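**Q** missing the sequence, but the structure's below:
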């Protein structure tokens, strides 16, 4: 089976044809100017060594080389192999805190930005799994259902901001319950003979937590869902900046008494969440190895087969076309525009006296 992977590249052949026409036009324009400046006898002497046929051959070779390069860009393929690719892994939902306290800058550039960078790195370190994304504050919202498309997950991670949820707070209970619903609706169907490992990873500063959060974690464990947590922030805490639409700092968030709010991480509570959820707790620190430690924790999980896909691999043949183009290009460079032999110009020795 012969095919082209990128047939749109053939449009470059049209451009090569246009360049050929431009070269012909410029040649004719130059000749008209020369005829206007020199008389026929003088012009014939000037062009005595010039071979127009060779120039036309050079134009043709240039067009042919560009056309062959366009064919190579179209990626001609001949022959194919088919293989069955099985996707195996576990299901994990990132529950990311997007409350205003996550904008504190005791972690640079902010707690939320640090969480997004680390979770994107985690996605790259654990391919083959199904990942979902939930943003939460005073309530929660599903950003992405469980998917194998890691590019989409990273895109949704990058879009997380406090403006996604108007109801502020840090309602971890809502995030846990929402995650369980997502597993039920979009996860792998399980029966008595199959089992899939499911994980909820809570990324938060743990501030303003609800008392029912631990009960929600216990309910998740009863459904064979493990809960891990990462704390973002410092014990010293930080202020919450207020910025305009252009990102310029206008001040810092204050309470009802006009005092600047200092938000501190509640690592002890997030540690309880992980302990109740039969998972691990990590404190995010700059340059730490907590993300790699998470990956190591996940390596021991039981893997499930999500789906089998038949992948067709076509054999590329563009190399042959490029070799031909390279050889023709060398010929074009070597081919000159002068005649091999031409009569000597003796006009300067002719006696022009009367």
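**A** Perfect, thanks for sending it. No experiment lies behind these values; they were computed from the predicted model shown.
**Q** what are the boundaries of the strands in this structure?
**A** Under the criterion DSSP state E, strands of the chain are mapped to 2-4, 76-89, 91-97, 130-136, 140-147, 198-204, 225-231, 238-239, 241-243, 249-252, 262-263, 281-283, 304-316.
**Q** out of those, which gets nearest to residue 271?
**A** strand 281-283 (4.3 Å; C-beta to C-beta). Heads up, the C-betas are built off the backbone N, CA and C, glycines and all.
**Q** what strands line up against the closest one, and which way round?
**A** strand 225-231 (parallel) (DSSP bridges).
**Q** and residue 72, what is it in contact with?
**A** Taking C-beta atoms under 8 Å, 6 or more residues apart in numbering as the criterion, residue 72 is in contact with 318, 321-322, 325.
**Q** confidence score at the residue nearest the centre of the chain?
**A** Centroid-nearest residue in the chain, with C-alpha atoms, centre = their mean: residue 151, separated by 6.4 Å. Residue 151 is assigned a predicted lDDT (pLDDT) of 92.
**Q** span of stretch 94-101 from start to end?
**A** 18 Å (C-alpha to C-alpha, to the nearest Å).
**Q** where do the helices of the stretch 151-300 of the chain begin and end?
**A** 172-186, 213-222, 267-276, 290-299 (DSSP state H, counting those that start in this stretch).
**Q** right, so of those, which gets closest to residue 50?
**A** helix 290-299 (69.3 Å).
**Q** how far out from the middle of the chain is the closest one?
**A** Helix 290-299 sits 23 Å away from the centroid of its parent chain (C-alpha atoms, centre = their mean, to the nearest Å).
**Q** so how far is residue 233 from residue 243?
**A** With distances taken as C-beta to C-beta, to the nearest Å, residue 243 is found 19 Å from residue 233.
**Q** quick one, which of those two is more surrounded?
**A** Between residue 243 and residue 233, counted using other C-beta atoms under 10 Å, residue 233 has the larger neighbour count: 26 against 11.
**Q** which phi and psi does the nearest residue to the more buried one once chain neighbours are set aside have?
**A** Closest residue in space to residue 233, ignoring its immediate chain neighbours: residue 265 at 3.1 Å, by C-beta to C-beta, 6 or more residues apart in numbering. As for residue 265, its main-chain torsions (degrees, to the nearest 10) stand at phi -70, psi 140.
**Q** begin at 2 from now on, thanks
**A** In the new count, where the first residue is 2, that last one comes out as residue 266.
**Q** who's in contact with residue 266?
**A** Contacts of residue 266 by C-beta under 8 Å, 6+ apart are 206-208, 232-236, 238.
**Q** could you rerun that using 10 Å?
**A** 102, 105, 107-108, 112, 205-208, 232-239, 284-285 (C-beta atoms under 10 Å, 6 or more residues apart in numbering).
**Q** before we move on, back to that, would you single out the least confident of the strands of the chain?
**A** Among the strands of the chain, strand 305-317 scores lowest, at a mean of 67.
**Q** thinking again about what came up before, and of the strands of the chain, who's closest to residue 172?
**A** The minimum distance between residue 172 and the strands of the chain falls on strand 131-137, with 6.1 Å, by C-beta to C-beta.
**Q** which neighbours does that closest one have in its sheet, and in what orientation?
**A** In the sheet, strand 131-137 lines up against strand 92-98 (parallel), strand 141-148 (antiparallel) (DSSP bridges).
**Q** reformat those strands as CSV; add distance to residue 30.
**A** Listed next are the strands paired with strand 131-137 as CSV, based on distance: least, C-beta to C-beta, whole Å:
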stretch, distance to residue 30
strand 92-98, 65
strand 141-148, 60
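**Q** those: which one's closest to residue 258?
**A** strand 92-98 (25.5 Å).
**Q** picking that back up, most packed of the strands paired with strand 131-137?
**A** Of all the strands paired with strand 131-137, strand 92-98 has the most neighbours on average by mean count of other C-beta atoms under 10 Å, namely a mean of 26.
**Q** so what's the residue nearest to the centre of the chain up against?
**A** Each residue near residue 152 by C-beta under 10 Å, 6+ apart is listed here: residue 124.
**Q** how about residue 126?
**A** Taking C-beta under 10 Å, 6+ apart, we find residue 126 in contact with 292-293, 295-297, 299.
**Q** give me the low-pLDDT residue ranges for the stretch 152-301 of the chain?
**A** 188-196, 209-211 (pLDDT under 70).
**Q** circling back: now the contacts of residue 73: which count as buried?
**A** Among those, those classed as buried by 16 or more other C-beta atoms under 10 Å are 319, 322, 326.
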